[in-house]
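Undergrad: Attaching a predicted model along with its sequence, questions to come.
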Amino acid sequence: MQDIHGRRRAARRTGRAATAATTLATAAALTACSVLGGDGADPGGSDATGDAGGGTVVLLTHNSFSVPDELVERFEAETGYTLQTRAPGDGGALVNQLVLTKDAPLGDVVFGIDNTFATRAIEEGVLEPYAAPGAVAEYAIDDEGHLTPVDVGDVCINVDREWFAEAGLPEPTTLEDLTDPAYRDLLVVTNPATSSPGLAFLLATVGAFGEDGWLDYWARLRDNGVKVVGGWEDAYFVDFSGPSSEGDRPLVLSYASSPPVEVPEGADTAPTAALLETCFRQVEYAGVLAGAANPEGARAVVDWLLTPEVQAAIPEHMYMYPVTDVELPESWVRFAPLAPEPFEVDPADIAANRDRWIAEWTDVVTG
Amino acid sequence: MARGVGWLGWAVAAGLPLAFLAVFFVHPVAAIVGRGFVADGALDLSGFADVFGRARTWRVIGLTLAQAGAGTAIAVVLGVPGAYLLYRTAFRGRGVLRALVVVPFVLPTVVVGVAFRSVLAPSGPLGFLGWDGSFAGIVAALVFFNYAVVVRTVGAFWAGLDPRAEQAARSLGASAWRAFVGVTLPALAPAIASAAAIVFLFCATAFGVVLVLGSVSYGTVETEIWVLTTQMLDLRAAAVLSVVQLVVIAGVLAVAGRARKRRERALGLASPQREVPRLALRGPLARRADQVAAVVTGVVVVVLLGLPLGTVLVRSFHQPDGGWGLANYANLGTTGGRGALEVTVWDAAATSLRTATDATLLAVLVGGLVALVVSRRPRGRSARRAVGAFDALFMLPLGVSAVTVGFGFLIALDRPFGLALDLRGSPVLVPIAQAVVAVPLVVRTVLPVLRAIDSRLHDAAAVLGAGPARVLAHVDWPVAARSLGLAVGFAFAVSLGEFGATSFLARPDRPTLPVVIFRLLGRPGAENLGMAFAACVLLGALTAAVMGLAERLRSGGEVW
């Protein structure tokens, strides 16, 4: 009885199953333009890292890298290389991947190692020295030229000026001010363990108060109601009271380059500003990878990153300041000055102490 | 002869998925975890003593289990009434609602995090709860993401359950509640156990949610592995925690497997033409069960799903100039404010669809074979054990950190098994990584259905002279095909929403939608924020559409 039933049902279902199969097959056919076929093909072959004087050069970078297409095309036209970029994560993930793959490098050249991770990259031997002709001495990290500075930026507390004007409260200016009870529950920052501006701000306090005083400063900041969230986008878009957000805290950890973006078209004043006495300077470097399949191409990319065209595009595309002397966008000149004297910590000290500092910070802030 | 062919067939059916898993999961994960246990060329297990000696480790493990346990329990309690409502009653708008509940499942955690926090932050509509940055907030978000897994997995199974057993209990005088608890619930146990296992693994490995909503106080094993691997390069500690993850997963799978096995048996599959009763909330025919299910599900849909989704939707219409309108949607055709993106959001959407198609085909092929193999109940004890292990093996990807897999790919796939073929950076890795995560869902969707086939059907077919291939074609395939639509939908949704592994592997010139959304949110400015929300709505709409289509594929217009 059941058997017959089952068979009959089976027969009926086969039609539907066939429909399902056909649909799947059709989907497969329609997506002949899928990744595996069609436009998925790489120009220049996926991993032919090329011979000297041509071929592909692979640039590894972090996920904030952005350069106008025209400039990439011009680079390719002028040098004969095909530029392929890969962005496998944020700055920290990038360096760690380089370390893990140094026996079989993922590419030829890297951009985006910052001064908080630079020492690790150099010490682990993932970089091949290269003295780029256009290199700027000011931010050089060592004498051998393992890393070439490309851009800089300041991580600073940003202030919602409208909020303070309405509250009739003077804006704070220094790190010390932030612990003033007048500014209780007004500041939001990010976790240094998971966010790079968070780490930069931790370093600002280390630079400002020294090994002996920075944790005490954080204890006071905690007692004054500092809020710590996971990532920058959270702090800026959820908790900050600025124009593009809906939060209730008028002080947020962000960048010196953030204010111009908030200026309405045609306005003369910026609704937000960076507190330039609270900043830590980040420097981003490029370098040729040890064991690169295309070292010539790698050096060409480093040179290219220092050309006036790329340098001039950096502010609008990566929210950083060029290291060479090129003209800044007008809105930057007006609303995004760099800190005259940012706090500094020696990169070697950062490499040696970062993990311990983060652990100590976590204990104080959650304690 | 036929027997020989049968054996060969099964060997291929088991071997193909095994090879896939070995190359794209076991090998990379073993490679990266192995690095943590080798120091100066020698095995070094001192990491265990060290890591377990830290108070932080135990707190993190405790928190992981607590949030995953709470998230799973609540998702099941809320999801079962939802499954009833959406799969055992008929009402206008049911199809839309079925598609809608899946939307959270695919939304990128970074946007949901922002949306959730907008709701929970002191300035938000639910700020009075004080859940911002709290354990409750994390659990609420976990339920938000995983509710659909319970509703759909249990619902699809429930829809095919023969209602006559429950009807019989009722006519013998049992109350509706007793009939449910005594007859229906036990019959549903395999599906509930399946769903709960998946949800637990998703919760235990949740990353973005915990990072965004938990802030500094609520690290889990997963976020800890991420920090140790990507920020501190402490592979030794990360490897220890990866082993902890594997042990936890194995434990959960064992428990779930036992719960399933005790209950699993051939079920009377309901007649396909049967209509489910109309939802009865009022009047003389009102059913208490319908009322309860409707109220519970209504609250879930409006508050838990509705508030965050509504926030995303509303903010997507909030223009950069402060007014309301479609400017953010118009901007989807651009590359964002000041070159925020390399491609337009539409390009990214096309990439997402293509990638998801590849991933889905792969996942359905591999997962379908796994389910088929696992659905057999061999007579020998060791053979049964082997099948059980095979089943558990393919669940592992759900419980292993995306960072571990992503980093593992980088060190294992430069010369996979000595072949001169550097797969790293190849665009095919993205759908493959997504398929690895989608396979367990396909298996768990198809398997309960295959297992519910009365094995006497197989025997009878064989006795009547049908070869193994014929049995497959005429007994298993027609039944399995019915659950395939749901499997396709799930696989597609997982792939569309996958961010963890994809963010390591996707090439900047060819990002997927979640990657693009993440990037937009990483830039200041109202324009990028608005675009991120609009892109998120696009992702949700795509998912709902795909799920709706899969629903059709699944049922051909009727229940099952």
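TA: Great, that's in hand.
Undergrad: Figure out the helix or strand that the residue nearest to A:Gly230 when sequence neighbours are not counted lives in.
TA: Excluding the flanking residues, the one nearest A:Gly230 by Cβ to Cβ, 6 or more residues apart in numbering or on different chains is B:Leu211, at 4.4 Å. Quick note: C-beta positions are derived from backbone N, CA and C, even for glycine. Using DSSP states H and E, B:Leu211 sits within helix B:208-214.
Undergrad: same for the very next helix or strand once past that helix, what does it pack against?
TA: Counting by DSSP H and E, the next helix or strand C-terminal to helix B:208-214 is helix B:221-226. Under the contact definition 3 or more Cβ pairs under 8 Å, 6 or more residues apart in numbering or on different chains; DSSP states H and E, helix B:221-226 sits against helix B:55-88, helix B:208-214, helix B:235-263, helix B:402-412.
Undergrad: buried stuff in the shortest one?
TA: Going back to what we said before, that points to helix B:208-214. Using 16 or more other Cβ atoms under 10 Å in any protein chain shown as the test for burial, helix B:208-214 gives B:208-214.
Undergrad: can I get those residues in a markdown table with distance to A:Ala137 and pLDDT?
TA: Below are these laid out as a markdown table (distance: Cβ to Cβ, whole Å; pLDDT from 0 to 100):
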| residue | distance to A:Ala137 | pLDDT |
| --- | --- | --- |
| B:Gly208 | 41 | 76 |
| B:Val209 | 46 | 79 |
| B:Val210 | 44 | 81 |
| B:Leu211 | 39 | 76 |
| B:Val212 | 41 | 75 |
| B:Leu213 | 45 | 79 |
| B:Gly214 | 44 | 73 |
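Undergrad: now stretch A:291-299: how far from the chain's centre is it?
TA: Taking Cα atoms, centre = their mean, to the nearest Å, one finds the center of stretch A:291-299 at 24 Å from the center of the full chain.
Undergrad: buried ones in that stretch?
TA: A:292-299.
Undergrad: count of neighbours near B:Arg288?
TA: Using other Cβ atoms under 10 Å in any protein chain shown, B:Arg288 is surrounded by 11 other residues.
Undergrad: just B:Gly62 next, same as before
TA: Residues near B:Gly62, counting by other Cβ under 10 Å, number 11.
Undergrad: Against B:Ile138, how distant is it?
TA: 14 Å (Cβ to Cβ, to the nearest Å).
Undergrad: Between those two, which contacts overlap?
TA: Residues touching both B:Gly62 and B:Ile138 by Cβ atoms under 8 Å, 6 or more residues apart in numbering or on different chains: none at all.
Undergrad: Give me the residue at the spatial middle of chain A.
TA: A:Ser64 (4.8 Å; Cα atoms, centre = their mean).
Undergrad: Spell out the secondary structure type for that residue.
TA: coil (DSSP: H, G, I helix; E, B strand; the rest coil).
Undergrad: For stretch A:67-85, list the C-alpha coordinates in CSV.
TA: C-alpha atoms of stretch A:67-85 as CSV (Å, rounded to 0.1, in the frame of the first residue of the first chain):
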residue,chain,number,x,y,z
VAL,A,67,43.6,55.9,-6.0
PRO,A,68,41.8,57.4,-9.0
ASP,A,69,41.6,55.0,-11.9
GLU,A,70,43.2,57.5,-14.3
LEU,A,71,46.4,57.5,-12.2
VAL,A,72,46.5,53.7,-12.3
GLU,A,73,46.0,53.7,-16.0
ARG,A,74,48.8,56.3,-16.4
PHE,A,75,51.1,54.3,-14.3
GLU,A,76,50.4,51.2,-16.4
ALA,A,77,50.9,53.1,-19.7
GLU,A,78,54.1,54.7,-18.6
THR,A,79,55.8,51.7,-17.1
GLY,A,80,54.3,48.8,-19.0
TYR,A,81,53.3,47.0,-15.8
THR,A,82,49.9,45.8,-15.0
LEU,A,83,49.0,46.9,-11.5
GLN,A,84,47.0,44.4,-9.4
THR,A,85,45.9,45.4,-5.9
